[in-house]
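>>> curious how this folds, go ahead:
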Amino acid sequence: MTVVGLDDTDSRDAGMCTTYAAARLAERLREEGAAVARVCLVRLNPAVEHKTRGNAALAVHTDAAVDVAFAAARDLVDAHAVVDDPRTNPGVVALGGAPASVPGSVAEFAGVAVRDLLSRERAHETLSGVEAVETRHATWGDGRGVVGALAAAGAWRAWDDADLDPTYEHIVYRPRERWGTERDVAHESVFAAADREYPAVWDTVDHGENETVCVPHTPGPVLYGIRGDDPDACRAVADAIDAEPAERACTFVTNQGTDAHLREAPIRAVADDRAYRLDAVVASTPETRRGGHVFLDLGPPDEGADVTLGCAAFEPTKRFRDRVRALRVGDRLTVCGEVSDGTLKLEKFAVRALVRTESVTPDCPDCGRSMSSAGRGQGYRCRDCGTSAPGRVERPIERSLERGWYEVPPCARRHIAKPLVRGGFDAPTHPKR
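So this is what the prediction gives:
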(Lines give C-alpha, C1' and ligand atoms only; values in the text may rest on other atoms or scores of the structure.)
Protein backbone atom coordinates (compact mmCIF):
# COMPACT_ATOMS: atom_id res chain seq x y z
CA MET A 1 0.00 0.00 0.00
CA THR A 2 0.98 3.63 -0.51
CA VAL A 3 -0.39 6.80 1.03
CA VAL A 4 -0.08 9.98 -1.06
CA GLY A 5 -0.68 13.36 0.58
CA LEU A 6 -1.42 16.55 -1.41
CA ASP A 7 -1.85 20.15 -0.35
CA ASP A 8 -2.05 23.73 -1.61
CA THR A 9 -2.68 23.24 -5.32
CA ASP A 10 -5.51 25.77 -5.51
CA SER A 11 -5.78 29.51 -5.98
CA ARG A 12 -8.30 31.87 -4.43
CA ASP A 13 -8.45 33.90 -7.64
CA ALA A 14 -7.74 31.47 -10.48
CA GLY A 15 -9.75 28.51 -9.24
CA MET A 16 -8.58 24.92 -8.93
CA CYS A 17 -9.20 22.89 -5.80
CA THR A 18 -7.04 20.31 -4.05
CA THR A 19 -10.02 17.96 -3.74
CA TYR A 20 -10.20 18.02 -7.54
CA ALA A 21 -6.49 17.20 -7.77
CA ALA A 22 -6.98 14.22 -5.45
CA ALA A 23 -10.02 13.02 -7.41
CA ARG A 24 -7.98 13.22 -10.64
CA LEU A 25 -5.09 11.34 -9.00
CA ALA A 26 -7.37 8.54 -7.81
CA GLU A 27 -8.88 8.30 -11.26
CA ARG A 28 -5.47 8.13 -12.95
CA LEU A 29 -4.21 5.42 -10.60
CA ARG A 30 -7.29 3.32 -11.31
CA GLU A 31 -6.78 3.79 -15.05
CA GLU A 32 -3.24 2.49 -14.63
CA GLY A 33 -4.56 -0.67 -12.94
CA ALA A 34 -4.09 0.22 -9.29
CA ALA A 35 -6.78 -0.05 -6.65
CA VAL A 36 -7.75 2.98 -4.59
CA ALA A 37 -9.13 2.13 -1.18
CA ARG A 38 -10.29 5.65 -0.34
CA VAL A 39 -9.64 9.35 -0.77
CA CYS A 40 -9.46 11.41 2.44
CA LEU A 41 -10.32 15.08 2.80
CA VAL A 42 -8.44 16.31 5.86
CA ARG A 43 -9.40 19.62 7.45
CA LEU A 44 -6.47 21.15 9.33
CA ASN A 45 -6.31 23.95 11.91
CA PRO A 46 -8.84 26.52 10.62
CA ALA A 47 -7.10 29.34 12.50
CA VAL A 48 -3.74 29.34 10.70
CA GLU A 49 -2.75 32.42 8.74
CA HIS A 50 -1.65 30.70 5.52
CA LYS A 51 -4.72 28.82 4.40
CA THR A 52 -7.52 28.67 1.92
CA ARG A 53 -11.04 29.04 3.30
CA GLY A 54 -11.39 25.43 4.38
CA ASN A 55 -7.71 24.62 4.99
CA ALA A 56 -8.01 21.17 3.45
CA ALA A 57 -5.31 18.67 2.57
CA LEU A 58 -5.96 15.42 0.71
CA ALA A 59 -4.72 11.83 0.84
CA VAL A 60 -5.14 8.96 -1.60
CA HIS A 61 -4.78 5.39 -0.29
CA THR A 62 -3.72 3.01 -3.08
CA ASP A 63 -2.00 -0.31 -3.72
CA ALA A 64 0.22 1.30 -6.37
CA ALA A 65 3.96 1.22 -5.71
CA VAL A 66 5.39 4.29 -3.95
CA ASP A 67 7.32 5.48 -7.01
CA VAL A 68 4.32 5.01 -9.30
CA ALA A 69 1.91 6.86 -7.01
CA PHE A 70 4.42 9.63 -6.32
CA ALA A 71 5.17 10.16 -10.01
CA ALA A 72 1.46 10.36 -10.82
CA ALA A 73 0.94 12.94 -8.08
CA ARG A 74 3.87 15.05 -9.27
CA ASP A 75 2.64 14.96 -12.86
CA LEU A 76 -0.81 16.01 -11.74
CA VAL A 77 0.49 18.97 -9.72
CA ASP A 78 2.64 20.08 -12.66
CA ALA A 79 -0.37 19.91 -14.97
CA HIS A 80 -3.11 21.41 -12.78
CA ALA A 81 -1.79 23.36 -9.79
CA VAL A 82 -1.92 27.17 -10.07
CA VAL A 83 1.77 27.59 -9.27
CA ASP A 84 1.85 31.06 -10.86
CA ASP A 85 -0.12 32.34 -7.86
CA PRO A 86 2.45 33.31 -5.19
CA ARG A 87 0.05 32.10 -2.51
CA THR A 88 -0.08 28.62 -4.08
CA ASN A 89 2.79 26.45 -2.85
CA PRO A 90 2.00 22.77 -3.42
CA GLY A 91 3.45 19.81 -1.60
CA VAL A 92 3.32 16.06 -2.25
CA VAL A 93 4.30 13.31 0.19
CA ALA A 94 4.21 9.56 -0.53
CA LEU A 95 4.70 6.92 2.16
CA GLY A 96 4.94 3.17 1.69
CA GLY A 97 2.76 0.92 3.85
CA ALA A 98 -0.82 0.73 5.03
CA PRO A 99 -2.55 3.98 6.06
CA ALA A 100 -3.32 2.63 9.53
CA SER A 101 0.33 1.83 10.19
CA VAL A 102 2.19 4.92 9.00
CA PRO A 103 5.05 5.81 11.37
CA GLY A 104 3.93 7.17 14.73
CA SER A 105 5.81 10.42 14.18
CA VAL A 106 3.77 11.09 11.03
CA ALA A 107 0.48 10.32 12.81
CA GLU A 108 1.53 12.62 15.65
CA PHE A 109 2.33 15.36 13.13
CA ALA A 110 -1.15 14.94 11.64
CA GLY A 111 -2.79 15.12 15.06
CA VAL A 112 -1.01 18.34 15.89
CA ALA A 113 -1.77 19.91 12.49
CA VAL A 114 -5.49 20.06 13.18
CA ARG A 115 -5.06 22.04 16.42
CA ASP A 116 -1.76 23.88 16.25
CA LEU A 117 0.77 25.66 14.04
CA LEU A 118 3.47 23.66 12.25
CA SER A 119 6.43 24.77 10.17
CA ARG A 120 7.96 23.45 6.97
CA GLU A 121 11.10 22.76 8.96
CA ARG A 122 9.25 20.46 11.33
CA ALA A 123 7.64 18.66 8.41
CA HIS A 124 11.05 18.01 6.83
CA GLU A 125 12.48 16.91 10.17
CA THR A 126 9.64 14.44 10.57
CA LEU A 127 10.15 13.08 7.07
CA SER A 128 13.92 12.74 7.53
CA GLY A 129 13.33 10.75 10.71
CA VAL A 130 11.19 8.13 8.96
CA GLU A 131 13.26 5.03 8.28
CA ALA A 132 10.85 2.09 8.44
CA VAL A 133 9.03 2.87 5.18
CA GLU A 134 9.78 4.33 1.78
CA THR A 135 9.22 8.07 1.54
CA ARG A 136 9.09 10.53 -1.34
CA HIS A 137 8.26 14.21 -1.27
CA ALA A 138 8.31 17.23 -3.53
CA THR A 139 7.44 20.90 -3.16
CA TRP A 140 6.76 23.89 -5.39
CA GLY A 141 7.06 27.60 -4.62
CA ASP A 142 8.09 28.21 -1.03
CA GLY A 143 7.24 24.60 -0.12
CA ARG A 144 4.63 25.35 2.52
CA GLY A 145 2.36 22.65 1.09
CA VAL A 146 4.58 19.93 2.53
CA VAL A 147 2.99 20.61 5.95
CA GLY A 148 -0.52 19.75 4.82
CA ALA A 149 0.62 16.93 2.56
CA LEU A 150 2.43 15.19 5.42
CA ALA A 151 -0.51 15.79 7.77
CA ALA A 152 -2.88 14.26 5.21
CA ALA A 153 -0.60 11.23 4.84
CA GLY A 154 -0.75 10.61 8.59
CA ALA A 155 -4.39 11.50 9.13
CA TRP A 156 -5.93 8.02 8.86
CA ARG A 157 -3.82 6.65 11.70
CA ALA A 158 -4.25 9.89 13.68
CA TRP A 159 -8.02 9.58 13.38
CA ASP A 160 -7.85 5.99 14.54
CA ASP A 161 -5.59 6.88 17.48
CA ALA A 162 -8.00 9.65 18.50
CA ASP A 163 -11.07 7.41 18.04
CA LEU A 164 -12.49 9.97 15.62
CA ASP A 165 -15.75 9.12 13.86
CA PRO A 166 -15.19 10.19 10.22
CA THR A 167 -17.87 11.69 8.02
CA TYR A 168 -18.25 11.86 4.22
CA GLU A 169 -18.51 14.39 1.44
CA HIS A 170 -19.56 13.59 -2.11
CA ILE A 171 -18.26 16.32 -4.41
CA VAL A 172 -19.47 16.85 -7.97
CA TYR A 173 -17.15 18.74 -10.35
CA ARG A 174 -17.69 20.97 -13.37
CA PRO A 175 -16.01 20.67 -16.78
CA ARG A 176 -12.93 22.88 -17.07
CA GLU A 177 -14.53 25.23 -19.56
CA ARG A 178 -17.24 26.17 -17.05
CA TRP A 179 -14.90 27.14 -14.21
CA GLY A 180 -15.43 30.76 -13.26
CA THR A 181 -18.94 30.94 -14.74
CA GLU A 182 -22.21 31.09 -12.85
CA ARG A 183 -23.35 27.68 -11.62
CA ASP A 184 -26.63 26.32 -12.95
CA VAL A 185 -28.20 24.46 -10.00
CA ALA A 186 -31.96 24.28 -9.44
CA HIS A 187 -32.51 25.81 -6.00
CA GLU A 188 -35.72 23.92 -5.18
CA SER A 189 -34.24 20.55 -6.12
CA VAL A 190 -31.41 21.01 -3.61
CA PHE A 191 -33.84 21.73 -0.76
CA ALA A 192 -36.08 18.79 -1.71
CA ALA A 193 -33.17 16.34 -1.88
CA ALA A 194 -31.62 17.65 1.34
CA ASP A 195 -34.87 17.35 3.29
CA ARG A 196 -35.38 13.74 2.20
CA GLU A 197 -32.04 12.60 3.64
CA TYR A 198 -31.81 14.83 6.71
CA PRO A 199 -30.35 14.21 9.33
CA ALA A 200 -28.04 11.59 7.76
CA VAL A 201 -27.02 14.37 5.38
CA TRP A 202 -26.50 17.82 6.91
CA ASP A 203 -25.41 21.38 6.08
CA THR A 204 -26.64 21.04 2.50
CA VAL A 205 -29.01 24.00 2.79
CA ASP A 206 -29.87 26.75 5.26
CA HIS A 207 -33.63 27.05 5.66
CA GLY A 208 -33.42 30.25 7.69
CA GLU A 209 -31.41 32.07 5.02
CA ASN A 210 -32.94 30.16 2.06
CA GLU A 211 -29.40 29.36 0.93
CA THR A 212 -27.93 26.33 -0.86
CA VAL A 213 -24.88 25.95 1.37
CA CYS A 214 -23.53 23.05 -0.69
CA VAL A 215 -23.03 25.24 -3.78
CA PRO A 216 -19.83 27.34 -3.57
CA HIS A 217 -19.32 30.81 -5.00
CA THR A 218 -15.63 30.48 -5.84
CA PRO A 219 -14.29 30.18 -9.42
CA GLY A 220 -13.07 26.62 -8.90
CA PRO A 221 -14.22 23.25 -10.23
CA VAL A 222 -16.70 22.25 -7.51
CA LEU A 223 -20.32 22.26 -8.60
CA TYR A 224 -21.61 21.17 -5.17
CA GLY A 225 -20.54 19.06 -2.21
CA ILE A 226 -22.88 16.96 -0.07
CA ARG A 227 -21.84 16.18 3.51
CA GLY A 228 -23.17 13.64 5.95
CA ASP A 229 -22.74 10.53 8.06
CA ASP A 230 -23.79 8.08 5.34
CA PRO A 231 -21.92 8.02 2.00
CA ASP A 232 -24.83 6.42 0.17
CA ALA A 233 -27.19 9.12 1.41
CA CYS A 234 -24.71 11.79 0.30
CA ARG A 235 -24.60 10.30 -3.19
CA ALA A 236 -28.40 10.02 -3.26
CA VAL A 237 -28.77 13.73 -2.53
CA ALA A 238 -26.19 14.61 -5.18
CA ASP A 239 -27.92 12.45 -7.77
CA ALA A 240 -31.31 14.05 -7.05
CA ILE A 241 -30.15 17.62 -7.67
CA ASP A 242 -31.16 19.17 -10.99
CA ALA A 243 -28.04 20.91 -12.28
CA GLU A 244 -25.73 21.51 -15.23
CA PRO A 245 -23.80 18.50 -16.62
CA ALA A 246 -20.95 17.32 -14.40
CA GLU A 247 -17.48 16.19 -15.39
CA ARG A 248 -16.79 13.76 -12.54
CA ALA A 249 -17.58 13.07 -8.87
CA CYS A 250 -15.73 11.65 -5.88
CA THR A 251 -16.70 10.55 -2.38
CA PHE A 252 -14.26 11.56 0.35
CA VAL A 253 -13.79 10.25 3.87
CA THR A 254 -13.22 13.28 6.08
CA ASN A 255 -12.90 14.77 9.55
CA GLN A 256 -15.45 17.46 8.68
CA GLY A 257 -18.19 17.95 11.22
CA THR A 258 -16.22 16.39 14.09
CA ASP A 259 -14.88 19.30 16.21
CA ALA A 260 -11.43 17.73 15.89
CA HIS A 261 -9.91 21.23 15.95
CA LEU A 262 -11.05 22.04 19.49
CA ARG A 263 -8.76 21.77 22.51
CA GLU A 264 -9.83 22.19 26.13
CA ALA A 265 -8.07 24.76 28.28
CA PRO A 266 -8.80 27.37 30.95
CA ILE A 267 -9.42 30.91 29.72
CA ARG A 268 -6.12 32.13 31.15
CA ALA A 269 -4.23 29.70 28.89
CA VAL A 270 -5.73 30.50 25.46
CA ALA A 271 -3.55 31.69 22.59
CA ASP A 272 -4.23 33.13 19.15
CA ASP A 273 -4.50 30.92 16.05
CA ARG A 274 -6.00 27.97 17.87
CA ALA A 275 -9.54 26.79 18.59
CA TYR A 276 -10.93 25.93 22.01
CA ARG A 277 -13.76 24.50 24.06
CA LEU A 278 -13.87 26.60 27.24
CA ASP A 279 -15.99 26.73 30.38
CA ALA A 280 -16.81 30.34 31.14
CA VAL A 281 -19.15 32.84 32.78
CA VAL A 282 -20.58 35.88 31.00
CA ALA A 283 -18.70 38.90 32.35
CA SER A 284 -20.29 41.76 30.36
CA THR A 285 -23.62 42.57 28.73
CA PRO A 286 -23.62 41.63 25.01
CA GLU A 287 -23.15 44.70 22.83
CA THR A 288 -24.08 45.03 19.15
CA ARG A 289 -21.53 47.16 17.33
CA ARG A 290 -21.17 48.65 13.88
CA GLY A 291 -21.72 46.05 11.18
CA GLY A 292 -24.07 43.99 13.34
CA HIS A 293 -21.31 42.13 15.19
CA VAL A 294 -22.10 41.16 18.79
CA PHE A 295 -19.37 41.33 21.44
CA LEU A 296 -19.17 40.32 25.09
CA ASP A 297 -16.54 39.40 27.65
CA LEU A 298 -16.14 35.99 29.23
CA GLY A 299 -14.55 35.19 32.56
CA PRO A 300 -13.39 31.89 34.05
CA PRO A 301 -16.00 29.88 35.96
CA ASP A 302 -13.95 30.00 39.17
CA GLU A 303 -14.87 33.09 41.18
CA GLY A 304 -12.31 35.75 41.92
CA ALA A 305 -10.20 35.33 38.77
CA ASP A 306 -9.40 38.66 37.14
CA VAL A 307 -8.79 37.44 33.58
CA THR A 308 -11.34 37.94 30.79
CA LEU A 309 -11.56 36.91 27.15
CA GLY A 310 -13.32 38.87 24.43
CA CYS A 311 -15.94 36.89 22.52
CA ALA A 312 -17.79 37.70 19.31
CA ALA A 313 -20.63 36.51 17.13
CA PHE A 314 -19.96 38.19 13.80
CA GLU A 315 -22.62 39.33 11.34
CA PRO A 316 -22.27 36.26 9.04
CA THR A 317 -23.56 34.08 11.91
CA LYS A 318 -26.97 35.72 11.24
CA ARG A 319 -29.73 34.58 13.63
CA PHE A 320 -27.25 32.97 16.01
CA ARG A 321 -26.52 36.52 17.21
CA ASP A 322 -29.99 36.70 18.78
CA ARG A 323 -29.02 33.82 21.04
CA VAL A 324 -25.84 35.64 22.03
CA ARG A 325 -27.72 38.89 22.67
CA ALA A 326 -30.01 36.99 25.05
CA LEU A 327 -27.12 36.17 27.41
CA ARG A 328 -26.79 38.00 30.74
CA VAL A 329 -23.92 38.67 33.09
CA GLY A 330 -23.49 35.65 35.33
CA ASP A 331 -24.74 33.02 32.87
CA ARG A 332 -22.49 29.96 32.93
CA LEU A 333 -21.50 28.54 29.53
CA THR A 334 -19.28 26.25 27.57
CA VAL A 335 -18.11 28.06 24.43
CA CYS A 336 -16.41 26.76 21.27
CA GLY A 337 -14.48 28.72 18.69
CA GLU A 338 -11.25 30.02 17.23
CA VAL A 339 -9.21 32.66 19.05
CA SER A 340 -7.78 35.43 16.89
CA ASP A 341 -6.43 38.80 18.03
CA GLY A 342 -7.42 37.90 21.57
CA THR A 343 -11.09 37.32 20.68
CA LEU A 344 -12.95 34.03 20.56
CA LYS A 345 -15.12 33.71 17.43
CA LEU A 346 -18.15 31.76 18.56
CA GLU A 347 -19.06 28.57 16.69
CA LYS A 348 -21.46 27.27 19.32
CA PHE A 349 -22.12 27.48 23.04
CA ALA A 350 -23.85 25.46 25.72
CA VAL A 351 -25.93 27.08 28.43
CA ARG A 352 -25.00 25.38 31.70
CA ALA A 353 -26.84 27.69 34.13
CA LEU A 354 -28.90 30.83 33.59
CA VAL A 355 -29.31 33.81 35.87
CA ARG A 356 -33.01 33.64 36.81
CA THR A 357 -33.40 36.72 39.02
CA GLU A 358 -32.24 40.32 39.07
CA SER A 359 -31.70 42.70 41.98
CA VAL A 360 -34.16 45.62 41.87
CA THR A 361 -35.47 48.45 44.01
CA PRO A 362 -38.47 47.14 46.02
CA ASP A 363 -42.04 48.25 45.30
CA CYS A 364 -44.27 49.58 48.02
CA PRO A 365 -46.59 46.78 49.23
CA ASP A 366 -49.43 49.31 49.71
CA CYS A 367 -49.42 51.48 46.58
CA GLY A 368 -47.20 49.43 44.28
CA ARG A 369 -44.89 52.31 43.40
CA SER A 370 -41.15 51.99 43.38
CA MET A 371 -39.57 52.97 46.66
CA SER A 372 -36.78 55.53 47.02
CA SER A 373 -33.51 55.29 48.87
CA ALA A 374 -33.83 56.32 52.51
CA GLY A 375 -30.13 57.24 52.69
CA ARG A 376 -26.84 55.43 52.68
CA GLY A 377 -27.25 52.11 54.47
CA GLN A 378 -30.85 52.91 55.53
CA GLY A 379 -32.75 50.84 52.98
CA TYR A 380 -35.74 52.11 51.00
CA ARG A 381 -38.90 54.08 51.82
CA CYS A 382 -42.14 54.90 50.01
CA ARG A 383 -42.50 58.68 49.91
CA ASP A 384 -46.30 58.45 49.78
CA CYS A 385 -47.11 55.64 52.20
CA GLY A 386 -44.16 55.76 54.55
CA THR A 387 -43.56 52.03 54.30
CA SER A 388 -39.95 50.83 54.30
CA ALA A 389 -37.80 47.93 53.15
CA PRO A 390 -34.31 46.93 54.34
CA GLY A 391 -32.72 46.69 50.88
CA ARG A 392 -32.99 45.63 47.25
CA VAL A 393 -35.00 42.51 46.39
CA GLU A 394 -34.63 39.70 43.86
CA ARG A 395 -37.17 39.65 41.05
CA PRO A 396 -37.67 36.70 38.66
CA ILE A 397 -36.81 37.39 35.02
CA GLU A 398 -37.99 35.64 31.89
CA ARG A 399 -35.27 34.06 29.73
CA SER A 400 -35.62 33.10 26.07
CA LEU A 401 -32.70 30.68 26.35
CA GLU A 402 -32.87 27.16 27.73
CA ARG A 403 -30.25 24.79 29.02
CA GLY A 404 -28.29 23.12 26.20
CA TRP A 405 -26.29 23.73 23.04
CA TYR A 406 -26.84 26.49 20.46
CA GLU A 407 -24.98 26.74 17.15
CA VAL A 408 -24.38 29.02 14.19
CA PRO A 409 -26.61 28.27 11.17
CA PRO A 410 -25.33 26.07 8.33
CA CYS A 411 -24.44 29.09 6.19
CA ALA A 412 -21.86 30.15 8.81
CA ARG A 413 -20.53 26.76 9.92
CA ARG A 414 -16.84 25.97 9.70
CA HIS A 415 -16.17 22.81 7.71
CA ILE A 416 -14.66 21.03 10.71
CA ALA A 417 -17.20 22.19 13.31
CA LYS A 418 -19.62 19.52 14.48
CA PRO A 419 -23.31 20.21 13.74
CA LEU A 420 -25.58 19.58 16.70
CA VAL A 421 -27.74 17.25 14.63
CA ARG A 422 -24.88 14.72 14.64
CA GLY A 423 -25.49 14.09 18.35
CA GLY A 424 -23.08 13.01 21.05
CA PHE A 425 -23.29 16.26 23.01
CA ASP A 426 -23.41 16.47 26.80
CA ALA A 427 -26.63 18.49 27.07
CA PRO A 428 -29.88 19.02 25.12
CA THR A 429 -29.33 20.47 21.64
CA HIS A 430 -31.12 23.14 19.62
CA PRO A 431 -30.01 22.40 16.02
CA LYS A 432 -30.23 24.97 13.25
CA ARG A 433 -31.21 24.01 9.69
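
>>> for beta bridges, what are the partners of T2?
Beta-bridge pairing for T2 (DSSP bridges): T62, G96.

>>> how near is it to A21?
For T2, the distance to A21 equals 17 Å [C-beta to C-beta, to the nearest Å]. Using the backbone N, CA and C atoms, a C-beta is placed for each residue, glycine as well.

>>> can you check D306 too?
50 Å.

>>> between these two, who's got more neighbours?
A count of neighbours by other C-beta atoms under 10 Å puts A21 above the other of D306 and A21, at 26 against 7.

>>> which residues touch the spatially closest residue to that one that is not a sequence neighbour?
Leaving aside its chain neighbours, A21 sits nearest to T9 (4.7 Å; criterion: C-beta to C-beta, 6 or more residues apart in numbering). Contacts here follow C-beta atoms under 8 Å, 6 or more residues apart in numbering; on that basis T9 touches M16, C17, T18, A21, V77, H80, A81, V82, T88, P90, G145.

>>> for L420, give me its contacts.
Shown in contact with L420 (C-beta under 8 Å, 6+ apart): K348, W405, E407, T429, H430, P431, K432.

>>> what about 6 Å?
Contact analysis of L420 by C-beta atoms under 6 Å, 6 or more residues apart in numbering lists W405, E407, T429, P431.

>>> now A158
By C-beta under 6 Å, 6+ apart, the contact set of A158 is A107, A110, G111.

>>> could you pull out the helices for this protein?
Assigned by DSSP state H, the chain shows helices spanning 18-31, 66-80, 104-113, 120-128, 145-161, 187-197, 231-240, 320-325.

>>> ok now the fourth one, how far from the chain's centre?
Helix 120-128 has its C-alpha centroid displaced from the chain centroid by 26 Å (C-alpha atoms, centre = their mean, to the nearest Å).

>>> show the average pLDDT along it.
Per-residue pLDDT values over helix 120-128 give a mean of 95.

>>> what's that helix packed up against?
If you count contacts as 3 or more C-beta pairs under 6 Å, 6 or more residues apart in numbering; DSSP states H and E, helix 120-128 packs onto helix 145-161.

>>> and the helix it packs on with helix 120-128, angle?
60 degrees (axes from the mean of the first three to the mean of the last three C-alpha atoms, to 10 degrees).

>>> now do the buried residues in helix 145-161.
Under the neighbour-count criterion of 16 or more other C-beta atoms under 10 Å, helix 145-161 has 145-159 buried.

>>> over to stretch 197-215?
For stretch 197-215, the neighbour count (16+ other C-beta under 10 Å) marks 197-198, 200-206, 211-215 as buried.

>>> measure D75 to T2 for me?
D75 sits 15 Å away from T2 when distances are taken as C-beta to C-beta.

>>> again with G33
Going from G33 to T2 by C-beta to C-beta gives 14 Å.

>>> quick one, which of the two is more surrounded?
Between G33 and T2, counting by other C-beta under 10 Å, T2 is the more crowded of the two (27 against 9).

>>> before we move on, the earlier item: highest average neighbour count across the helices of the chain?
Of all the helices of the chain, helix 145-161 carries the top mean neighbour count, a mean of 28, counting by mean count of other C-beta atoms under 10 Å.

>>> burial of R383, as a residue count?
As a burial measure, R383 scores 11 neighbours (other C-beta under 10 Å).

>>> swap that for G291, sorry
Neighbour count of G291, defined by other C-beta under 10 Å: 7.

>>> over to A64?
A64 is flanked by 23 other residues according to other C-beta under 10 Å.

>>> same question, V393
Counted with other C-beta under 10 Å, residues neighbouring V393 total 15.

>>> can you add distance to P99 and give the contacts of A158 back as a markdown table?
A markdown table is the format used below for those (distance: C-beta to C-beta, whole Å):
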| residue | distance to P99 |
| --- | --- |
| A107 | 10 |
| A110 | 11 |
| G111 | 14 |
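
>>> let me know the closest of these to E121.
A110 (16.9 Å; C-beta to C-beta).

>>> tell me the mean pLDDT for the lengthiest strand in the chain?
For the chain, the strand that runs over the most residues, judged by DSSP state E, is strand 343-353. For strand 343-353, the mean per-residue pLDDT is 97.

>>> pick out the lowest-pLDDT one from the contacts of L420.
P431 (94).

>>> pretty sure G96 sits against T135.
No - look at G96 against T135 with C-beta atoms under 6 Å: they stay out of range, at 7.5 Å.

>>> could you list the domains of the chain?
What automatic domain parsing lists as the domains of the chain is 2-161, 167-254, 262-356+398-430, 357-396.

>>> out of those, which is the most enclosed?
Buried most deeply of the domains of the chain, by mean count of other C-beta under 10 Å, is domain 2-161, with a mean of 21.

>>> span of that one from start to end?
Domain 2-161 has an end-to-end distance of 19 Å (criterion: C-alpha to C-alpha, to the nearest Å).
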